Structure formats: C-alpha cells, structure tokens
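J.: quick one, fold the following:
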Amino acid sequence: MIHLFKSKSIGKSSFPSQRNRPTSSMKKNNSLFQRKNGANLIQNRRYSSGKSSPLTQEEKEILNGPREGDEYDVVIVGGGPSGLSASIRLKQMAKESNVELRVCVVEKGAEVGSHILSGAVIEPRALNELIPEWKDKGAPLNTPVTEDRLFWLTKNQSLRLPAPPYMQNHGNYIISLANFCRWLGQEAESLGVDVFAGIAASEALFSEDGNTMVGIATGDVGIGKDGKPTSNFSRGMELKAKVTLIGEGCRGSMAKQLMKKYNLREGADPQVYGLGMKELWELDPSKHSQGQVTHTVGWPVTSDVWGGSFIYHMENNLASIGYVVGLDYTNPYLTPYKEFQRFKHHPLVSKMLQGGKCISYGARAINEGGLQSVPKLIFPGGALIGCSAGFLNVPKIKGIHNAMKSGMIAAEESFKALEKSKDPVFLTSYPETLKKSWVWEDLHKVRNVQPAFQYGAYAGFAYGAIDTYLFRGNAPWTFHHSKPDNERLKLAKDSTKIEYPKPDGVISFDLLSNLSRSGTNHNEDQPAHLKLTDPSIAINHNLPKYDSPETRYCPAGVYEIVNADSGNPRLQINAQNCLHCKTCDIKDPLQNINYTVPEGGGGPAYGTM
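T.: Got it, this is the predicted structure:
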C-alpha cells in the first residue's frame with residue numbers, strides 16, 4: 001500500500017472558490033477604464049501600489065498567520081496537458097495496483113482551460129497511450145487534418161512550397177487546446193484527482209534544511225494594492241507532498257524559482273522563446289475548408305527575424321489564425337502584435353477573412369530552444385514536466401504530445417518511487433526513462449533546424465532542407481543558442497523605426513479592442529503581479545538605450561511611458577490588462593521585470609482557444 005498522508009484539514013472543500021470571493025467593485029464612472037465584453041481594461045492608470053503607510057503589528061500578524069494545510073502523495077502545479085496527463089496516469093496505476101493515492105492539480109485559471117492557448121494541431125500519439133478509448137469517451141478531437149499547405153509570402157504574392165516531413169499532419173487533429181484540457185480535467189476528476197481551479201501556486205515549500213521541496217503554498221487573497229490585508233483577506237493553504245510535479249507551462253514563475261535554486265540550467269543552452277498571438281474567427285461558410293492546415297513564412301517580418309503564421313480550419317466554420325515572432329529579434333522598434341495585424345492584410349489571408357468575424361484574441365510565449373535548452377529535469381522532491389521543461393518540437397509546431405508523454409513518464413516513475421519511500425523522493429529514473437522514449441527521439445531529429453535560423457531565414461531554410469532530406473536529423477553536430485533573447489536587442493540609435501499601418505477595424509484591430517476579446521480581468525485591489533527589481537531601470541536604461549521596448553513587445557498594452565513631454569517620464573504598469581504571456585519576463589534587457597502569479601482566477605478567460 002502506498003503511504004497515504006492523513007489530512008490536516010478538510011481537503012477539497014477547504015478551498016474557497018476564487019469566483020465566489022468578494023472583489024472590489026468596478027468604478028463605473030471612471031473614464032480611465034474601458035469595459036468591453038466583461039474585460040476591464042486599464043488605460044492611463046498606474047496599477048501598482050504607490051507610497052503607503054507601514055504595516056501595523058496587527059497587520060503583520062494577520063499576513064503572517066498560520067496556514068491551513070493538507071497532504072497528498074503527489075501535488076501537480078498546472079492544469080495543462082502535462083499536469084493533467086500525469087494526474088490521470090497516476091490514478092490509473094493506483095487503480096491497477098489496488099492502492100490508494102492522493103493526487104491534486106492546482107490551476108491558477110478560473111477554470112481548467114481558461115489560461116490555455118495554442119494553435120492547435122495535436123498528434124494523438126500520447127493520447128492513444130493514455131486513454132486508448134478516447135473516441136468513445138467523447139474527447140474533443142472533431143476535425144482530422146485533410147490538407148497541408150505551406151507558403152512563402154512577399155508583400156503581395158505567395159509561393160506554395162512542399163511541406164517538409166515534420167510539417168505533414170496526416171493522422172493529426174485540429175483542436176481547441178482549452179477544450180481538450182477541460183476534457184482531460186473531467187477525466188482526471190472521474191478517477192478521483194482533486195482539481196483545484198482558481199487557485200494560484202505562489203510559493204514552493206521546502207524541508208527544514210532547505211534542500212528538498214515538500215509541496216507548495218497557494219497564494220493569499222484579499223491583500224490590497226497597498227500591501228495591507230483587506231476585509232476579504234484569506235491566508236493561502238499549504239499542500240504538502242512527497243512528489244511535486246511542475247507543469248505550469250512556458251516560463252512559469254515557480255519553475256523559474258526552482259531553476260535558480262537548484263541551478264537546473266547548468267550545462268544547458270539558454271532557453272529561447274517565441275511570442276505566439278492568436279485570434280479565433282468565424283468565417284463565411286463559403287471560405288471555410290474544414291480540416292485545412294496552412295502555415296506561412298516570410299512577409300511581413302524581415303529575413304533576420306524568425307516568424308511565421310498558422311491558419312487552422314476547425315469545425316463550425318471556425319478558424320484559428322495566429323502569428324509567432326521569435327523573441328530573439330534585434331530591432332527594438334519591432335512590435336509583434338502589429339506584425340500579426342499587418343500579416344492579416346496579405347491577399348492570401350484577407351480574402352478568407354472578408355465577411356468573417358473575430359471572436360477571441362490571446363497571446364502566450366512558447367519555448368523554442370529545443371533539446372539543447374532542456375534543463376535538468378529533477379530536484380529533491382520534484383520534477384519539471386511539459387513546457388515547464390521545454391519539449392516543444394518547433395519545426396513540427398507541436399508540443400502537446402511531448403508534454404503529455406513527459407507527464408505520463410513522470411507519473412510512472414513517481415508511482416514506482418512512492419512504493420518504496422514514505423519520504424519526499426528524488427526521481428532519478430525520470431530523465432533516464434524520458435531519454436529512452438520517443439519524446440527524446442522526436443526532439444533530437446529536429447534539434448538543428450531552429451538554431452540554423454539565427455543566421456537568417458534563407459540560410460535557415462537551406463540548412464533545414466539539408467538536415468531533413470540528407471542527414472534525416474542525424475547530422476554529426478549540434479548547433480547551439482549562444483545567448484538569451486533579452487541580450488539580443490540593438491541600440492535604438494542603430495535601429496530603424498518601423499511604420500505600421502493603422503488597423504481598419506474589420507480585418508485588423510487596435511490592441512485594446514482586441515484585448516477585450518480575451519476576457520482578461522484581475523481584481524483591481526491587489527498588488528501588481530508584474531514586479532520591477534529596480535524601478536529606475538525603465539527610465540535610466542531602457543528608455544535612452546532602446547526607446548522603451550516594453551511598450552512594444554507586450555501584446556496586451558501593459559506598459560507605457562507617461563509624462564514624457566513634461567520631462568518627467570515614468571513607466572506605467574497596467575497590470576489589469578495582462579494576458580500572462582510572460583514576454584516581459586523574457587525580453588526585458590536587464591531582466592528587470594519579474595512575472596509572479598496574481599490572485600487565483602485572474603487573467604484571461606479563454607473559451608474555444
């Protein structure tokens with residue numbers, strides 16, 4: 001029998017629902033706010049605490065009061081494909097072995113799926129292994145791919161190219177990843193997994209000697225933006241575990257802390273990233289081709305920028321349209337969001353969108369480093385899974401299958417370790433087993449394709465063809481990423497300003513209008529979750545050297561420079577607008593911006609995204 005911790009409190013019902021917690025009311029007559037489609041978008045308002053009076057002794061005692069707690073065998077941070085697959089596999093093994101196993105998943109989105117954004121085309125390999133009867137269970141894989149198209153774009157022309165083998169999607173499905181994760185969440189709950197949505201994992205818990213992770217603490221709620229407890233204050237909970245699996249997704253705040261504490265990036269290349277932006281459109285039925293997959297490269301970005309698009313025709317006349325810009329770009333005047341909007345005016349795309357309607361918008365960062373950038377995966381008491389580690393196959397433009405499989409392998413190795421130990425475990429077998437799996441093979445074959453593009457688009461495509469067709473992914477060398485994305489920007493004085501066309505409101509949209517389609521919202525009265533290590537850097541360094549790139553790389557209008565004309569500029573953080581994409585945490589030149597989790601339930605509310 002696997003050891004089952006005795007609960008210190010009442011478990012699942014002890015979590016107050018974030019959606020039922022009182023929040024401050026919206027100021028209806030404040031012209032500084034826009035309210036569109038349920039999203040409260042801040043304009044020209046500083047969303048952070050200014051100077052406030054010191055905490056009283058009573059307030060300190062309230063903020064540092066004891067937490068309630070519960071204990072599990074396995075705690076999983078993140079309700080994405082890797083975390084939910086891990087939880088399902090753990091419960092499957094427990095049922096097969098007739099043992100009790102307590103497993104919980106903590107998800108910061110208001111519901112499972114609300115923070116999930118992807119293209120997406122899924123390769124069902126891992127799903128076939130995890131839930132072979134997924135069709136009978138009603139998994140939302142409704143649109144098999146029927147056609148693959150790849151185009152090289154110039155401003156007004158398109159050249160169709162042969163799709164390389166890794167971009168061919170026979171047997172794959174176009175899906176909404178948000179809906180797929182909701183289905184996985186239901187499967188997990190049916191097996192007895194405790195799934196806590198609207199709860200943010202804000203702190204890693206360690207043993208008394210500080211060496212071993214022993215679980216997580218959920219975030220406090222009801223702290224005002226002045227840092228003081230409000231009448232709605234509630235202390236977070238401690239969830240102890242013998243194994244903690246981190247599946248937060250790309251550039252998660254807890255994974256970032258653990259990588260630093262345990263030096264997990266030692267020996268790995270710097271992780272590099274892309275910013276993916278997506279819109280969901282309802283098309284004119286005459287222009288919809290269910291099952292069609294289209295990718296483009298080339299225009300509108302220049303040849304020194306890694307970028308490209310995807311257009312996936314789903315069921316019900318819906319199409320996912322997105323654009324990815326590599327965050328290793330060098331021109332500080334590049335605006336990824338405006339590149340996306342400009343792309344939609346290409347004749348290949350605009351004709352399709354005429355007569356259609358944009359329904360949703362969102363953005364998120366993606367890992368692009370590949371095998372070279374995968375960090376050490378384990379630490380005492382836990383492991384990294386899914387995009388927290390970085391298993392995206394960039395040339396395939398797919399990572400769901402690898403994320404799921406990594407979670408399944410971590411679950412299997414955790415189960416074996418728990419059978420032998422009553423204490424927090426060190427999962428030495430997890431990376432060993434993963435390296436023998438098809439995940440490693442999948443990444444190894446394409447390891448050189450994306451890094452080749454650091455020499456430009458033409459060189460990258462030429463090498464990609466050689467690597468794919470001549471070496472078949474087995475070249476006797478490995479290209480490397482030389483430095484992280486934040487060190488790539490050129491000085492503003494050495495860069496060319498980019499003039500972008502104004503949006504027409506039909507095919508292209510201004511940022512705040514589109515942001516309203518994301519449903520993003522945060523409780524107004526809370527400390528800003530985007531924190532500056534040194535507030536002076538934005539004005540004394542970023543502004544004179546790079547002309548404030550944070551005002552352009554953010555796809556949500558979070559950052560703006562105000563009072564510049566008066567000679568007293570300052571950086572304004574509109575944290576209410578945040579989509580939790582983590583781009584600022586990645587691209588800021590001196591890594592001065594630190595993304596942390598806000599109160600659980602805050603952020604975007606993605607539906608069929």
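J.: so how far is the helix or strand containing residue 95 from its chain's centroid?
T.: Element membership of residue 95, judged by DSSP states H and E, is helix 81-97. With C-alpha atoms, centre = their mean, to the nearest Å as the basis, helix 81-97 stands 23 Å off its chain's centre.
J.: again, but for stretch 498-511
T.: For stretch 498-511, the separation from the chain centroid amounts to 25 Å (computed by C-alpha atoms, centre = their mean).
J.: how about stretch 300-319?
T.: Relative to the centre of its chain, stretch 300-319 is centred 18 Å away, using C-alpha atoms, centre = their mean.
J.: which residues of the stretch 201-350 of the chain fall in helices?
T.: Counting by DSSP state H, counting those that start in this stretch, the stretch 201-350 of the chain has helices at residues 253-262, 336-343, 347-353.
J.: which of those is buried the deepest?
T.: Mean neighbours per residue, mean count of other C-beta atoms under 10 Å, is largest over the helices of the stretch 201-350 of the chain for helix 336-343, with a mean of 24. C-beta coordinates here come from the backbone N, C-alpha and C atoms, glycine included.
J.: which other helices and strands contact that one?
T.: Using 3 or more C-beta pairs under 8 Å, 6 or more residues apart in numbering; DSSP states H and E, the elements in contact with helix 336-343 are strand 273-282, strand 318-326.
J.: just the CA coordinates of it, formatted as CSV?
T.: Output of helix 336-343 as CSV, limited to C-alpha atoms (Å, rounded to 0.1, in the frame of the first residue of the first chain):
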residue,chain,number,x,y,z
PRO,A,336,5.0,41.7,-32.6
TYR,A,337,1.3,42.5,-32.2
LYS,A,338,1.4,44.9,-35.1
GLU,A,339,3.2,42.4,-37.3
PHE,A,340,0.4,40.0,-36.7
GLN,A,341,-2.2,42.6,-37.6
ARG,A,342,-0.3,43.5,-40.8
PHE,A,343,0.0,39.9,-41.8
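J.: the helices of the stretch 201-350 of the chain: which one's closest to residue 294?
T.: helix 347-353 (8.2 Å; C-beta to C-beta).
J.: now the closest one: average pLDDT?
T.: Averaged across helix 347-353, pLDDT comes to 98.
J.: for stretch 484-492, same thing?
T.: Mean per-residue pLDDT for stretch 484-492: 98.
J.: could you tell me the end-to-end distance of that stretch?
T.: With C-alpha to C-alpha, to the nearest Å applied, stretch 484-492 spans 19 Å between its terminal residues.
J.: who touches residue 440 in this structure?
T.: 371, 434 (C-beta atoms under 8 Å, 6 or more residues apart in numbering).
J.: for it, which three-state class applies?
T.: Secondary structure, DSSP: H, G, I helix; E, B strand; the rest coil: residue 440 is helix.
J.: name the element the residue lying closest to residue 347 once chain neighbours are set aside belongs to?
T.: Spatial nearest neighbour of residue 347, excluding adjacent residues (C-beta to C-beta, 6 or more residues apart in numbering): residue 156 at 6.3 Å. Of the helices and strands defined by DSSP H and E, none includes residue 156.
J.: show me where the stretch 451-600 of the chain has helices.
T.: Applying DSSP H, counting those that start in this stretch to the stretch 451-600 of the chain gives helices spanning 457-465, 511-515, 537, 543-546, 550-553, 583-587.
J.: go through those and name the closest to residue 375.
T.: Of all the helices of the stretch 451-600 of the chain, it is helix 583-587 that lies closest to residue 375, at 15.2 Å by C-beta to C-beta.
J.: before we move on, the earlier item: give me the mean pLDDT for the helix holding residue 95.
T.: Throughout helix 81-97, pLDDT has a mean value of 98.
J.: please apply the same query to stretch 328-339.
T.: Averaging pLDDT along stretch 328-339 yields 98.
J.: can you tell me what sits against it?
T.: 272, 275, 277, 300-301, 304-307, 323, 325, 363, 454, 485, 488-492, 495-498, 500, 511, 546-547, 549, 552-553, 555, 583.
J.: could you measure from residue 172 over to residue 594?
T.: 37 Å (C-beta to C-beta, to the nearest Å).
J.: who has more neighbours out of the two?
T.: Taking other C-beta atoms under 10 Å, residue 172 and residue 594 do not tie; residue 172 has more neighbours (22 against 15).
J.: right, and the more buried one touches residue 144 too?
T.: Yes: assessed by C-beta atoms under 8 Å, residue 172 is found in contact with residue 144 at 7.4 Å.
J.: now residue 229: how far from residue 200?
T.: Look at residue 229 and residue 200: by C-beta to C-beta, they are 17 Å apart.
J.: helix, strand or coil for residue 355?
T.: What three-state DSSP gives for residue 355 is coil.
J.: for the closest residue in space to it that isn't next to it in sequence, give me its contacts.
T.: Excluding the flanking residues, the one nearest residue 355 by C-beta to C-beta, 6+ apart is residue 284, at 3.8 Å. By C-beta under 8 Å, 6+ apart, the residues touching residue 284 are 317, 354, 355, 356.
J.: just give me the closest of the residues you listed to residue 538.
T.: Proximity of those to residue 538 (C-beta to C-beta) peaks at residue 356, which lies at 39.0 Å.
J.: tell me the pLDDT at that closest one?
T.: 98.
J.: neighbours around it, how many?
T.: 20.
J.: kindly report the same for residue 597.
T.: Other residues within reach of residue 597, judged by other C-beta under 10 Å, total 21.
J.: what's it sitting at in phi/psi?
T.: Here is the backbone geometry of residue 597 (degrees, to the nearest 10): phi -80, psi 140.
J.: for residue 593, see how far away the closest residue to it other than its chain neighbours is.
T.: Excluding its sequence neighbours, the residue lying closest to residue 597 (C-beta to C-beta, 6+ apart) is residue 200, at 4.0 Å. As judged by C-beta to C-beta, residue 200 and residue 593 stand 18 Å apart.
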